[in-house]
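> Following is a predicted model, sequence given first.
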Amino acid sequence: MENIELKRFWEQVKEELLGALPENAHPWIYPLEISGYDKGVLTLVTGQMMGRDILRRNYYDLMREALKRVSGDENSRVVIIYDENAAKTLKKESEKLTKKINDKSLKEQALENLSNMQSAANLNLKYKFENFVVGESNKFAYSAALAVAKNPAGKYNPLFIYGNSGLGKTHLMQAIGHYIIFNNPKLKVKYTKTEDYVNDYISNSRKTNNNIENMSKFNRKYTNIDVILIDDIQFIESKIKSMENLQYTFDSLYNKGKQIVITSDRVPKEIPTLTAALCSRFEMGLMIELTPPDIETRFEIIKKIADDNDLQYEEEALMYIARNFSNNVRELEGAFTKVCAYAEITEQPLTLKLASEVLKCKESDTEITFDRIAGVTAKYFDVDINDIKGSARGQKVSFARHVAIYLSREITNQSFVNIAEYFNKKHTTMMFAHEKIKKEKDTNKEVTEALREIRQALKLL
Ligand code: ADP
Ligand code: MG
C-alpha cells in the first residue's frame, strides 16, 4: 500500500476500534501509529508500554475482529510494538519539565500537556524551536510562530501556517506547543490532527445520537483549553457536520481570547470543501507560508543532525545531499539517514563517494529555476519566453505557458503563489493550468511528448 492509502486504511480501522472498544481503552488507541500492513498483518507502534500491554492482554480479540471487518481478510492479525525511543524522549522531556516547575499542580498540568502532545503527535518531541534551522525561506514563519509562543492570543490569532508537504509546518506548530508547556505551564495546550478531530467528532455523535449533553462533553474537551493546534486542516474534506462543529470550537476559543494555530498544505481558499464561514475565520489572523529552503539552509539542516549525533562526515557529502534534495526537508532527512545507515552498516566513513554511491543522484549542473523551466519550454515550443511570462494570447503561447506552469510546480514544489509571481498572473490561473496539464498528461500525446522532451532537456530524465 502507498503511504496515503495506508493512512486511510488505518483511519478506518481506528474508527472501527474506537467503536468496538470501551471508552476507557480509547486513550491507548489514539497514540497508536500504523507502521505497516502486509499479508494481513497490521503492525502498530506506540510509545506507551502500558498501552501496548493493556491492548494486547485485554483487547486483542476485539481488535482482530475490528480489523477483519475493515480488511475483509479472515486471517488478519494485529501486532503492537512499543517504541522505546519515543518513550525515552518523553521521559527526558518530562524530567526537564519537573525540574523547571515548582508548583505541584502546575507541574501536573504541564506533564499532562506534554504527554497528550506526545501521544497525539506521532510520537515526536524533537519538534522544538531550537531544532529548527532558520533561513530565508522560513524566517517569517519561524518569527511568527515564536511570537505566538511567547505571547499566545496576542497579535496573531489565528496563526495559519501553510506550505507543501515536508517543509516544517508540523515542526513549527509543535514547537509552539512545546515552548508554551515549558514556559507558560498555566496554559493548557492541545495538539490535534484534523483527522483525529473529525474521527473523534464522528464517533462521539454516533455514540450519543447527537445527544446534547454528551456532545457538550466532547466540546468541552476542545474548548476548555488555552491553545489549540490543529494540524493539516486540508483533511477536513467535505465533512459538513464536523465543520460546523469546528466552527463552534473556533468561535468559543476565539471569543474567550484563546490562541488558535492551524496548518494546511494550501491557503484556505484553495481547500475546495471548506465552508466560507471557516475560510474567512482562518484568514482573519496571520497567514504565513513556508517555502522550500535554499541550499545553505538545507546543508545546515543535515549538518545539525550530524553534529547533534556526533557523526563524522566529509562536508562534500552533506553538500551533495543538500544539492540533490531541494524540495522537501523530509526527503532530505530521509536521504541523509539512508547514507548514515549505509556508512554504519558497512563501517565506512561518510564521504562524498559513499553518498553518491548510495543515492545515485543524477546531478544537473545548475539549479532548476522557474527561469530555466520557462526558457527550455519556450525553446521547445519555439515561442518567446517573454510571451510566456507576459499576457500574449494565441494557442501556441498559451499551451507553452500551461506546460511551463505545470512543470514549475512539479519540479520545484513551490507554491502557486510564488509561481504566479514569476509568471505575472493570479495564483488561481496557475492552479487552473496545472490541473489542465495534469489531466491531459497521460491522454494527450502532444502533452506527454512535450513533458518528456522538456524534462530531458532539463536533464531530469
Ligand atoms: P510538514 O508538516 O510541513 O509536512 P514536518 O514539520 O513534518 O513537515 O517536517 C518534515 C521533517 O523536516 C521533520 O522531521 C522536521 O523536523 C524537518 N524540518 C523541516 N524544516 C526544518 C528546519 N527548518 N529545520 C530543521 N528541521 C526541519
Ligand atoms: Mg505535517
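Now that the structure is in, tell me what you want to look at. Ligands and ions are numbered 1, 2, ... in the order given.
> Can you name the element that comes right after the lowest-mean-pLDDT helix or strand in the chain?
Taking mean pLDDT, DSSP states H and E as the measure, the chain has helix 104-120 as its least confident helix or strand, at a mean of 75. Using DSSP states H and E, the helix or strand that follows helix 104-120 in sequence is helix 139-150.
> Tell me how far that following helix lies from the chain's centre.
With Cα atoms, centre = their mean, to the nearest Å as the basis, the distance from the averaged C-alpha position of helix 139-150 to the chain average is 18 Å.
> And for stretch 96-113?
Taking Cα atoms, centre = their mean, one finds stretch 96-113 lying 29 Å from the centre of the chain it belongs to.
> which parts of it are buried?
For stretch 96-113, the neighbour count (16 or more other Cβ atoms under 10 Å) marks Leu97, Ile101, Lys107, Gln109, Ala110, Leu111, Asn113 as buried. C-beta coordinates here come from the backbone N, C-alpha and C atoms, glycine included.
> Quick one: distance of the least confident helix or strand of the chain to the chain centre.
A distance of 23 Å separates the centroid of the chain from that of helix 104-120, by Cα atoms, centre = their mean.
> cool, and stretch 321-340?
Between the mean C-alpha point of stretch 321-340 and the mean C-alpha point of its chain there is a distance of 16 Å (Cα atoms, centre = their mean).
> just to revisit the earlier point, the least confident helix or strand of the chain close to ligand 2?
No - counting by Cβ under 5 Å from the ion, ligand 2 is not contacted by helix 104-120; separation bottoms out at 12.8 Å.
> With just CA atoms, put the lengthiest helix in the chain into PDB.
Selection of the longest helix in the chain by residue count, based on DSSP state H, yields helix 49-71. Taking only C-alpha atoms (Å, rounded to 0.1, in the frame of the first residue of the first chain), the coordinates of helix 49-71 have been written out as PDB:
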ATOM      1  CA  MET A  49       4.500   0.300  27.200                       C
ATOM      2  CA  MET A  50       1.400   0.100  29.400                       C
ATOM      3  CA  GLY A  51      -0.800   0.800  26.400                       C
ATOM      4  CA  ARG A  52       0.700  -2.000  24.500                       C
ATOM      5  CA  ASP A  53       0.300  -4.400  27.300                       C
ATOM      6  CA  ILE A  54      -3.300  -3.500  28.100                       C
ATOM      7  CA  LEU A  55      -4.300  -3.700  24.500                       C
ATOM      8  CA  ARG A  56      -2.600  -7.000  24.000                       C
ATOM      9  CA  ARG A  57      -3.900  -8.600  27.100                       C
ATOM     10  CA  ASN A  58      -7.500  -7.400  27.200                       C
ATOM     11  CA  TYR A  59      -8.500  -6.400  23.700                       C
ATOM     12  CA  TYR A  60      -6.600  -8.500  21.300                       C
ATOM     13  CA  ASP A  61      -9.600 -10.400  20.000                       C
ATOM     14  CA  LEU A  62     -11.800  -7.300  19.700                       C
ATOM     15  CA  MET A  63      -9.000  -5.600  17.800                       C
ATOM     16  CA  ARG A  64      -8.600  -8.500  15.500                       C
ATOM     17  CA  GLU A  65     -12.300  -8.700  14.800                       C
ATOM     18  CA  ALA A  66     -12.400  -5.000  14.100                       C
ATOM     19  CA  LEU A  67      -9.500  -5.300  11.700                       C
ATOM     20  CA  LYS A  68     -11.200  -8.300   9.900                       C
ATOM     21  CA  ARG A  69     -14.300  -6.200   9.400                       C
ATOM     22  CA  VAL A  70     -12.400  -3.500   7.600                       C
ATOM     23  CA  SER A  71      -9.900  -5.600   5.700                       C
END
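> Whichever helix or strand comes after that helix vs helix 49-71, what angle?
Scanning forward in sequence from helix 49-71, with DSSP H and E defining helices and strands, the next element found is strand 77-82. For strand 77-82 against helix 49-71, the angle by axes from the mean of the first three to the mean of the last three Cα atoms, to 10 degrees is 150 degrees.
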